[in-house]
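A.B. asks: Following is a predicted model, sequence given first.
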Amino acid sequence: MSSSATAPPAPSRLPRIVAASLIGTTIEWYDFFLYGSAAALVFNKLFFPDSDPLVGTLLSFLTYAVGFAARPLGALVFGHYGDRLGRKKLLVLSLLLMGGATFAIGLLPTHATVGAAAPVLLTVLRLVQGFALGGEWGGAVLLVSEHGDARRRGFWASWPQTGAPAGQLLATGVLSLLTAVLSDSAFGSWGWRIPFLLSGVLVIVGLWIRLSVDESPVFQQALAQAEARSSAPGAGSEKLPLVSVLRHHWRDVLIAMGARMAENISYYVITAFILVYATTSAGVSKQTALNAVLIASAVHFAVIPGWGALSDRIGRRPVYLLGAAGVGLWMFPFFALTDTGGFGNLVLAVTVGLVLHGAMYAPQAAFFSEMFATRMRYSGASIGAQFASVAAGAPAPLIATALLSEYDSSTPITLYVIGASVLTLIAVGVAKETRHRDLARVDSSVETEPAGTRTADAPII
C-alpha cells in the first residue's frame with residue numbers, strides 16, 4: 001500500500017474537508033428543520049384543516065416525527081455501505097435524497113386541492129428526509145474525525161455539528177424574512193413554498209463541494225487491511241458491520257443512545273416546541289418567536305467549536321456532563337422567562353438553552369467516533385445516534401404539545417426534559433473517556449484481538 005493512501009491530509013486540506021462536511025450538513029439540516037418550523041407555523045392549516053388549531057398542530061408534529069422513524073433505517077443502510085464502500089459516496093447520496101425530497105415538498109398540493117392525499121404525500125417525503133439524514137450525520141463527522149490532527153479532533157469534528165444550528169439559522173432566517181415581507185394570507189397561500197424550492201439550489205452547491213474532497217485515509221487503510229486478511233489462506237468472510245457492532249460495541253451503542261436523550265429532547269423543545277408555546281401560551285407573535293430562535297441559533301453556531309476545543313483539553317465526558325446537567329436545570333427559568341412575553345427574555349431563554357445544549361452536541365462527534373472501530377464506525381456511530389432519535393427527538397415536540405394541551409402548564413414539560421437529563425448523566429457517567437484514542441489503533445485492537453482482550457481504552461503515550 002502506498003503511503004499516499006494512508007497519510008493524514010496536509011493542514012491546508014483539512015479546512016476544505018471540514019468545509020465540505022459543514023456545508024453539506026448545513027443544507028441537510030436546513031431541509032430537515034425547515035419542515036419542523038413549517039409544521040409549527042402553517043402545515044396544520046394547509047394539510048390538516050379540519051382539526052382545531054392545537055390538534056392540527058399535533059397532527060402536523062406527528063408527520064414531523066415520522067421523519068425520525070426513518071432515521072434508524074437510514075443509519076443501518078448508510079452505515080453498512082459507508083463501512084464497506086467509503087464515507088464520501090454515501091454522503092453524496094444522502095445530500096441528493098434530502099434535497100430532492102425537500103424540493104418536492106415545495107411542489108406539493110395542499111389538502112384544499114387533493115384532499116387526504118396531501119398529508120399522505122407529505123408523510124412519504126418526510127420519510128425520505130429522515131432516511132437521508134439518518135445516513136448523513138455519521139458520514140459527515142467521520143470524514144472529518146478520520147482525516148487527522150488527533151490532538152484537536154474534538155475541535156475539528158465539532159464543525160460538522162455546527163451544521164445543525166447553521167441549518168436552523170438558515171431555515172428560520174428564510175421563514176422570518178418571508179413572514180416579515182408577506183401577509184399571513186400570502187405566506188399561507190404560496191410563500192411557504194419558497195424555502196423548500198430554494199433547497200434545489202443549495203444542493204447543487206453542496207454536491208460541487210463534496211465531490212471535490214478525498215475519501216478518509218483511515219478508512220482506506222482499514223479497507224486495505226481487511227482485504228489483505230480476507231485473501232490470506234484459511235481466512236473466512238468478513239462479518240457484516242452491523243454484526244461486528246453488536247458483538248464488539250453493544251455497550252457503546254447503548255451509551256451513545258443514552259447520551260442522546262437530553263441532547264436531542266432539549267434541542268427540539270427549545271427550537272421547535274417553543275414556536276408553539278410562545279405563540280399560544282405566552283402571547284408572543286410568530287415573528288417574535290422566529291426572531292428569538294434566529295438570534296439564539298447564531299450564538300449556538302458560534303459556541304460549538306469552543307466546546308469542542310474544551311473537550312480536547314479536559315475530555316469529552318466532563319464537557320458532555322456539564323451540558324446535560326445544565327440544560328435540565330435551565331428548564332424552569334427557560335419557561336419562566338418565556339412566560340413574560342418580552343422579546344429580550346425570550347432571546348435569553350432560548351440562547352442559554354442552546355449554549356448548554358452545545359456542551360453536549362460539540363464533543364458528541366469525536367466522542368461517538370472514538371467509541372467504534374473503523375470498519376464498523378459508520379454503522380456504530382449512526383446506529384447509536386439515530387436509534388436514540390426515535391425515542392428522543394422524534395416525539396419531543398409531540399409530547400411537549402400534548403402535555404401543554406392536557407395540563408395547560410409548562411411544569412410537566414420541564415420535568416420531561418429533566419428526566420432526559422438524568423438518563424444522559426447516567427449514560428455518560430458510566431462511559432470511558434475516549435479523548436486519547438487513536439482511531440486507527442482502535443480499529444486494529446478491536447478487529448484483530450480475540451474477544452475479552454480489547455486494549456483500545458489505553459491512552460496513547
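C.D. replies: Received the coordinates, thanks.

A.B. asks: Can you point out the buried residues in stretch 39-49?
C.D. replies: 39-48 (16 or more other C-beta atoms under 10 Å). In short, each C-beta sits where N, CA and C put it, glycine included.

A.B. asks: Just give me the closest of the residues you listed to Ile413.
C.D. replies: The nearest member of the buried residues of stretch 39-49 to Ile413, counting by C-beta to C-beta, is Ala40 at 15.1 Å.

A.B. asks: Make JSON lines out of the buried residues of stretch 39-49 and add pLDDT and secondary structure.
C.D. replies: JSON lines is the format used below for these (pLDDT from 0 to 100; DSSP: H, G, I helix; E, B strand; the rest coil):
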{"residue": "Ala39", "pLDDT": "73", "secondary structure": "helix"}
{"residue": "Ala40", "pLDDT": "68", "secondary structure": "helix"}
{"residue": "Leu41", "pLDDT": "73", "secondary structure": "helix"}
{"residue": "Val42", "pLDDT": "78", "secondary structure": "coil"}
{"residue": "Phe43", "pLDDT": "78", "secondary structure": "helix"}
{"residue": "Asn44", "pLDDT": "75", "secondary structure": "helix"}
{"residue": "Lys45", "pLDDT": "79", "secondary structure": "helix"}
{"residue": "Leu46", "pLDDT": "83", "secondary structure": "helix"}
{"residue": "Phe47", "pLDDT": "81", "secondary structure": "helix"}
{"residue": "Phe48", "pLDDT": "72", "secondary structure": "coil"}
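
A.B. asks: Output those residues as JSON lines; include the columns distance to Leu143.
C.D. replies: As requested, those are arranged in JSON lines below (distance: C-beta to C-beta, whole Å):
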{"residue": "Ala39", "distance to Leu143": "30"}
{"residue": "Ala40", "distance to Leu143": "32"}
{"residue": "Leu41", "distance to Leu143": "34"}
{"residue": "Val42", "distance to Leu143": "35"}
{"residue": "Phe43", "distance to Leu143": "33"}
{"residue": "Asn44", "distance to Leu143": "38"}
{"residue": "Lys45", "distance to Leu143": "40"}
{"residue": "Leu46", "distance to Leu143": "37"}
{"residue": "Phe47", "distance to Leu143": "36"}
{"residue": "Phe48", "distance to Leu143": "39"}
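
A.B. asks: tell me the contacts of the nearest residue to Ala101 once chain neighbours are set aside?
C.D. replies: Distance criterion C-beta to C-beta, 6 or more residues apart in numbering; nearest residue to Ala101, sequence neighbours excluded, is Val128 at 3.9 Å. Counting by C-beta atoms under 8 Å, 6 or more residues apart in numbering, Val128 touches 70, 97-98, 100-101.

A.B. asks: Among those residues, which are located in helices?
C.D. replies: Residues of the contacts of Val128 located in helices (DSSP state H): 97-98, 100-101.

A.B. asks: Of those, keep whichever come out buried.
C.D. replies: Buried among these by 16+ other C-beta under 10 Å: 97-98, 100-101.

A.B. asks: Pick the one among the residues you listed closest to Ser389.
C.D. replies: Closest to Ser389, out of all of these and judged by C-beta to C-beta, is Met98, at 15.2 Å.

A.B. asks: What strand or helix carries the closest residue to that closest one other than its chain neighbours?
C.D. replies: Spatial nearest neighbour of Met98, excluding adjacent residues (C-beta to C-beta, 6+ apart): Ala132 at 3.9 Å. Using DSSP states H and E, Ala132 sits in helix 117-145.

A.B. asks: Give me the buried stretch members for that helix, please.
C.D. replies: 118-119, 121-122, 125-145.

A.B. asks: now stretch 330-344
C.D. replies: Buried, per 16+ other C-beta under 10 Å, within stretch 330-344: 330-331, 334-335, 337-339.

A.B. asks: Tell me what angle the helix or strand containing Leu223 forms with helix 117-145.
C.D. replies: Using DSSP H and E, Leu223 sits within helix 217-231. If you take axes from the mean of the first three to the mean of the last three C-alpha atoms, to 10 degrees, helix 217-231 sits at 90 degrees to helix 117-145.

A.B. asks: low-scoring stretches of the chain, by residue?
C.D. replies: 1-12, 40, 50-58, 60-61, 64, 148, 226, 229-239, 441-461 (pLDDT under 70).

A.B. asks: Mind doing that once more with 50?
C.D. replies: 1-10, 235, 442-461 (pLDDT under 50).

A.B. asks: Which residues are in contact with Ala391?
C.D. replies: 257, 261.

A.B. asks: If you drop the residues flanking it in sequence, what lies closest to Pro333?
C.D. replies: That would be Ala349: by C-beta to C-beta, 6+ apart, it lies 7.1 Å from Pro333.

A.B. asks: Tell me which residues touch that neighbour, please.
C.D. replies: 292, 333-335, 337-338.

A.B. asks: which of those sit farthest apart?
C.D. replies: Ala292 and Pro333 (15.0 Å).

A.B. asks: quick revisit: how much space between the residue nearest to Pro333 and Thr340?
C.D. replies: 9 Å (C-beta to C-beta, to the nearest Å).

A.B. asks: re the thing from before, the residue nearest to Met98 and Ala101 touch, don't they?
C.D. replies: Yes. Using C-beta atoms under 8 Å, Ala132 is in contact with Ala101, at 7.0 Å.

A.B. asks: Over to His300: give its phi and psi.
C.D. replies: phi -60, psi -50 (degrees, to the nearest 10).

A.B. asks: ditto for Ala392
C.D. replies: Dihedral angles (degrees, to the nearest 10) for Ala392: phi -110, psi -80.

A.B. asks: and it, how many residues sit next to it?
C.D. replies: For Ala392, the count of nearby residues is 24 (other C-beta atoms under 10 Å).

A.B. asks: is it true that it touches Ile265?
C.D. replies: Yes. Counting by C-beta under 8 Å, Ala392 touches Ile265, with 4.9 Å between them.
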